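*Asks:* My questions are about this predicted structure, shown below with the sequence.
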Amino acid sequence: MRMTVIGCSGSFPGPQSPASCYLVQAEDPDGRTWSIVLDLGNGALGVLQRHLALDALDAVLLSHLHPDHCLDVCGLYVTRKYAPSRGADDGRLPVHGPRGVERRMAEAYGGGEGSALAGQLDYREWEARRPVRIGPFTVTPVPVNHPVEAYGLRVEADGQALAYSGDTDSCPELSELFAGATLVLADSAFVDGRDDTRDIHLTGSRAAAAAVEAGGVQRLMLTHIPSWNDPQVCRAQAASVWTGEVELAEPERTYPL
């Protein structure tokens, strides 16, 4: 299993990165490569095309329905509906998300065509802690602490586990999500000493504390850092708690697990 950072800017696209999107790939026993994306935030669809033919995408997995995590599903619909190479029998692409995902994406697209998205996209709503199988992947959605219905996503394949926090603040469920993970990909949008509002985002130190409390985490990587943050401050705050290396997600870099 490997993860390519398509976009890791927090809350909106930054000057060097789109908003949230992570391409995860693995091979099945027959050698077929499966490709899924965790979130498809604004700006991500363009960069994704540098790493994957869009018709090779097997599923979209949305942690929640804020624009910086889902808005480019609208553009993905256009590629599936109108690309000249598309065939009538190419089928619908699974899009997993929280309750109301179909309505949310129709509203985002707008106009009379919004309701037509379901003709190309097979919407499936998460059930908390109910695993979903996609090729070699087992994906488990775990509820997390954000102002809207939101999930952390635990992706397992090849004996490895990627734990993606999505957007969250500290909560007991992070131990469930992170426990024994090969790599924790953690929200670090807030900064200790600056952002006092709770129940929205983690800081570097709170992300690290959740990984320590979960136990067995091998790697900690901070992501969802908005352009007004100094990533080195986020890293330093995490390093005050985490004893190993604190990694920062880098756009268009591939990380083997």
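*Replies:* Received the coordinates, thanks.

*Asks:* could you check the distance from Tyr255 over to Ala209?
*Replies:* Using CB to CB, to the nearest Å, one obtains 23 Å as the distance from Tyr255 to Ala209. The way it works is simple: take the backbone N, C-alpha and C, and place the C-beta from them, glycine included.

*Asks:* Likewise for Ser63?
*Replies:* From Ser63 across to Ala209, the span is 21 Å (CB to CB).

*Asks:* between these two, who's got more neighbours?
*Replies:* Counting neighbours by other CB atoms under 10 Å for Ser63 and for Ala209 shows that Ser63 has the greater number, 29 against 18.

*Asks:* For that one, list the residues it contacts.
*Replies:* With contacts taken as CB atoms under 8 Å, 6 or more residues apart in numbering, Ser63 has the following neighbours: 20, 38-39, 69, 150-153, 164, 166-167.

*Asks:* Count the residues that sit near Tyr164.
*Replies:* As a burial measure, the neighbour count of Tyr164 was computed by other CB under 10 Å and equals 28.

*Asks:* Please name the bridge partners of it.
*Replies:* As for beta bridges, Tyr164 partners with Leu153, Leu185 under DSSP bridges.

*Asks:* cool, Tyr123 as well?
*Replies:* On the basis of DSSP bridges, Tyr123 is bridged to Val95.

*Asks:* Looking at the closest residue to Glu125 other than its chain neighbours now. What's its pLDDT?
*Replies:* In space, and not counting its chain neighbours, Glu125 is closest to Arg99: 5.3 Å by CB to CB, 6 or more residues apart in numbering. Model confidence at Arg99, expressed as pLDDT, equals 98.

*Asks:* Please apply the same query to Gly111.
*Replies:* With respect to pLDDT, Gly111 has a value of 76.

*Asks:* Assign a three-state SS to it, would you?
*Replies:* Assigned state for Gly111: coil (three-state reduction, DSSP: H, G, I helix; E, B strand; the rest coil).

*Asks:* Let me know how buried it is, in neighbour terms.
*Replies:* Gly111 is flanked by 8 other residues according to other CB under 10 Å.

*Asks:* doesn't Arg219 make contact with Thr182?
*Replies:* Yes. In this structure, Thr182 sits in contact with Arg219. The criterion is CB atoms under 8 Å, and the distance is 6.6 Å.

*Asks:* picking up where we left off before, Provide the secondary structure category for the residue nearest to Glu125.
*Replies:* Using three-state DSSP, the three-state assignment for Arg99 comes out as coil.
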